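**Q** here's my sequence, what's the structure:
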Amino acid sequence: MADKKSSFWKRGNDTKLPGRAQPVANSPDLRPRSKTFEEYEKDTNDAWDDEAEDLSHLSSPVKPLEFNHTGSGEFDVKFSGKKAPLKSRIKEVVKPRSHTTGGMSTSGGGTGVQHSGSDSRRNAPQDTGRIRSMSPPSDPFDDIPDRETIKLQKFGKLLAGPNTDLEQLRKLSWSGIPSSVRATTWQLLCGYLPVNIDRREETLQRKRSEYLKLIDQYYHMRDDSIHKDTFRQIHIDVPRMNPSIPLFQQSIVQECFERILFIWSMRHPASGYVQGINDLVTPFFVVYLSYYISGDKNAETYDLSLLPNSTLNMIEADSFWCLQKLLEGIQDNYTLAQPGIQTKVMRLKDIMKRIDGSLHSHLERNSVDYLQFAFRWMNNLLMREFQLRSVIRIWDSYLSEADGFATLHVFVCAALLLKFSSEIQSKKDFQEIMIFLQNLPTSAWTDDDVQLLLAESFKLKYMFADAPGHLQN
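**A** Predicted coordinates:
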C-alpha cells in the first residue's frame, strides 16, 4: 500500500486529479509572427460572403423582412411575426414610386419619346411591384432562412435607411447583388442616385426630364453633314450587338440605343462615338428593364411592346446617365489612339510575366502580342467573352470598387488567362492560340465559376495593385 501511495504522488504521474490546475504560461507569447495571405483571406472573408456570420445565430427564431412601399423612392422594412420558409425567396422587392410614376412625360417640359409600337403599350397596365406569397413551412427546418434571404434582408436595411452607407453597400455588393435590388443598388453605386432617400424621387424626375431635353437638343442633328457619319456607324453597330439575344433585335430597343449613343457622342466630342461603347449600354438596359417586369419573365426575351411608353422612356434615361458615369472613369479608353487601353494591356502583360512565365513565354514564342487579343477585352470590358448574365455578375463587383472598371478589370483579365493557361499552352501555333482566345469556352459558366474568377482577381489585385514595384524584375 505504501509503495502504491508513493508512486501515485510521483511528479511524473500523468493521472489527472479533480480540481488540479493545469500548467499554463505565465505570460502570453509576444513573439512576432508573420501573417500569411491565407490568414489575411480568412480575416477578410466578409468581402466574399458577408452574410455567413449570421448563420451562427440561426438557433433563435428569425423573422422575415417585409418591404412596404412608402413613396419617395424608399422602402419601409419591417419584421413580420411569421417565420421565413427555407425555400421561399423574395423574388421582387416592392418598387419605389419614383421608378414607376412621373418624370419622363410630364415634368421638365420635355416631350416624351414616342417609340414604334407605343400605342399598344401606352394603355398597358403598369406593374407597380408586389411580393410573392410565401408557402408555409413543410418541415421543422424550414424556419431557418438561407443565405440568399439573409443577404436580401441586409440590402433592404441599407436601402431603406435615411442615408445609405455607400461603404457598407459596396462591401455587401462585392459578392453579388440580388436581382430584386440590383437596379437601385447599381444606381447608387454609379452615383446616379443620391444616398439620401428623400432626394431620390426628385433626382430621378429631374434627370429623366433632362434627358428628354437632350433628345430635343441633339437628336435632330443626326442627319447634319458633320454628324451623319457618326450616326451611320452607330446605326450599323447597334443591330450587331448580342445577335443571340432576342431583346436586342427589337427595333424599339435599337432606337433607344441609337439615341443614347448619339447623344453621348455629341456631349463628349473629345472621344466621340467609338465602336465598343455600344456594348456597354446592354447591362444597364437589361438590369433596369428587369426592374419593371415580373420576376418570372426573362428580360432577354421580353417583348417591349408590352411596356408603357413612359416606362421605356425611364429605362432609356437611366441607362444613359449610368453609362455616362461609367465612362467618366475610363474615357481615356476611347480618346484619340485609345491610350487607356494601351496602358491596361501593357499592365496585363507585366502581370502575366510574373504570375505565369510559362504562358507568357508560350505566347511570345508563337508571336502572339497581347494587344491582338486583349485590346477587345479592354475595349468591350469582356462583353464578348461571357454570357450577359455573367457580365452582370462581374459588374456587381466592378461597381463595388471606386475604380473597378479601370483597375479590377485588368486583374480579371489576368485571372482569365490563368484559368485557361494549360489550354492555351496546348495550342501549337499562332492561329490556334488566337482562335481559342477569341472564343473562350465560358458559355456554360455558372455563378460559381464567375465567383472563382473574381476571387482569383481579388488575390492578384491585393498582391500587385498597391505594390507596383512587384511588377519590376
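
**Q** test my guess that S173 contacts L189.
**A** Yes - counting by CB atoms under 8 Å, S173 does reach L189; the two are 6.6 Å apart. C-beta coordinates here come from the backbone N, C-alpha and C atoms, glycine included.

**Q** now list whatever residues contact both of those two.
**A** By CB atoms under 8 Å, 6 or more residues apart in numbering, S173 and L189 have these common neighbours: 399-400.

**Q** residue ranges in this protein under the pLDDT threshold?
**A** Scanning the chain for pLDDT under 70 picks out 1-145, 466-473.

**Q** break it into its domains for me.
**A** Recorded structural domains for the chain (assignment: automatic domain parsing) are 55-105+126-178, 197-329, 339-471.

**Q** I'd like those laid out as TSV, including mean neighbour count and distance to T185.
**A** Output for those, formatted as TSV (neighbours: other CB atoms under 10 Å; distance: least, CB to CB, whole Å):
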stretch	mean neighbour count	distance to T185
domain 55-105+126-178	17	5
domain 197-329	18	9
domain 339-471	18	8
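
**Q** redo the ones you listed as JSON lines? Include distance to T184.
**A** Below are those laid out as JSON lines (distance: least, CB to CB, whole Å):
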{"stretch": "domain 55-105+126-178", "distance to T184": "6"}
{"stretch": "domain 197-329", "distance to T184": "8"}
{"stretch": "domain 339-471", "distance to T184": "12"}
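
**Q** which residues of the stretch 301-450 of the chain fall in helices?
**A** Secondary structure of the stretch 301-450 of the chain by DSSP state H, counting those that start in this stretch: the helices cover 309-328, 339-355, 357-365, 370-379, 388-399, 409-419, 421-426, 430-437, 447-464.

**Q** dump these into CSV; add distance to P178 as well.
**A** Shown next, in CSV, are these (distance: least, CB to CB, whole Å):
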stretch, distance to P178
helix 309-328, 19
helix 339-355, 31
helix 357-365, 36
helix 370-379, 28
helix 388-399, 10
helix 409-419, 22
helix 421-426, 33
helix 430-437, 33
helix 447-464, 12
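
**Q** ok, for I394, nearest residue in space, not its chain neighbours?
**A** V450 (6.3 Å; CB to CB, 6 or more residues apart in numbering).

**Q** how near is that neighbour to I330?
**A** 21 Å (CB to CB, to the nearest Å).

**Q** again with Q233
**A** In terms of CB to CB, Q233 sits 20 Å off from I330.

**Q** quick check: closest non-adjacent residue to G272.
**A** That would be S265: by CB to CB, 6+ apart, it lies 4.9 Å from G272.

**Q** quick one: contacts for the one you found?
**A** Neighbours of S265 in contact, by CB under 8 Å, 6+ apart: 230, 234, 271-273.

**Q** same question for H227.
**A** Contacts of H227 (CB under 8 Å, 6+ apart): 221, 262, 266.

**Q** likewise G340?
**A** By CB under 8 Å, 6+ apart, the neighbours of G340 are 330-334, 378, 406.

**Q** next one: E385
**A** Here E385 is in contact with 377, 416, 440, 442 (criterion: CB under 8 Å, 6+ apart).

**Q** list phi and psi for it.
**A** With angles defined as degrees, to the nearest 10, E385 sits at phi -100, psi -10.

**Q** can you start the count at 718 instead of 1 from here on
**A** In the new count, where the first residue is 718, that last one comes out as E1102.

**Q** relative to L869, how far out is it?
**A** In this view, E1102 and L869 are 29 Å apart by CB to CB.

**Q** now the nearest residue to L1125 once chain neighbours are set aside: how far from D1067?
**A** Spatial nearest neighbour of L1125, chain neighbours left out: E1118 (5.4 Å); criterion: CB to CB, 6+ apart. Here E1118 is placed at a distance of 21 Å from D1067 (CB to CB).

**Q** over to S897?
**A** 41 Å.

**Q** can you check H1077 too?
**A** From H1077 to D1067 the distance is 10 Å (CB to CB).

**Q** check F1181 too.
**A** Distance of F1181 to D1067, computed by CB to CB: 9 Å.

**Q** name all residues that make contact with the closest residue to Y928 other than its chain neighbours.
**A** Spatial nearest neighbour of Y928, chain neighbours left out: A1034 (3.9 Å); criterion: CB to CB, 6+ apart. Applying CB under 8 Å, 6+ apart to A1034 gives the contacts 821, 924-925, 928-929.

**Q** nearest residue to Y1009 in space, please, no chain neighbours.
**A** T1028 (5.4 Å).

**Q** surely that neighbour touches I1010?
**A** No - between T1028 and I1010 there is no contact under CB under 8 Å: 9.6 Å.

**Q** hmm, back to that, now the contacts of G1057: which count as buried?
**A** 1047, 1049-1051, 1095, 1123 (16 or more other CB atoms under 10 Å).

**Q** ok, which pair from those is furthest apart?
**A** Y1051 and A1123 (12.7 Å; CB to CB).

**Q** from P1056, how far out is T1163?
**A** From T1163 to P1056 the distance is 36 Å (CB to CB).

**Q** that's a helix at the residue nearest to G989, yeah?
**A** Yes - using DSSP: H, G, I helix; E, B strand; the rest coil, the assignment for S982 is a helix.

**Q** can you pull out the strands in this protein?
**A** 782-786, 792-796 (DSSP state E).

**Q** mind listing what the nearest residue to S1075 once chain neighbours are set aside touches?
**A** Distances taken as CB to CB, 6+ apart place Q1142 nearest to S1075, at 6.7 Å, with adjacent residues excluded. Q1142 sits next to 1075-1076, 1079 when contact means CB under 8 Å, 6+ apart.

**Q** can you check D1035 too?
**A** 904, 909, 921, 924-925, 1001, 1005.

**Q** in helices only, show me the residues you listed.
**A** 904, 921, 924-925, 1001, 1005 (DSSP state H).

**Q** which of those sits closest to I994?
**A** Using CB to CB, the ones in helices among the contacts of D1035 come closest to I994 at F1001, 12.2 Å.

**Q** the closest one contacts Q904, correct?
**A** No - counting by CB under 8 Å, F1001 does not reach Q904; the two are 9.4 Å apart.

**Q** could you measure C973 against T1052, distance?
**A** 26 Å.

**Q** typed the wrong thing, it's P1025
**A** Taking CB to CB, one finds P1025 at 39 Å from T1052.

**Q** can you check L886 too?
**A** 31 Å.

**Q** quick revisit: any chance of the contacts of A1034 in a markdown table with distance to E865 as columns?
**A** Shown next, in a markdown table, are these (distance: CB to CB, whole Å):
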| residue | distance to E865 |
| --- | --- |
| M821 | 33 |
| K924 | 32 |
| R925 | 32 |
| Y928 | 34 |
| L929 | 38 |
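
**Q** which single one of those is nearest to S1174?
**A** Closest to S1174, out of all of the contacts of A1034 and judged by CB to CB, is K924, at 32.3 Å.

**Q** which residues are in contact with the closest one?
**A** 909, 1034-1035, 1038.
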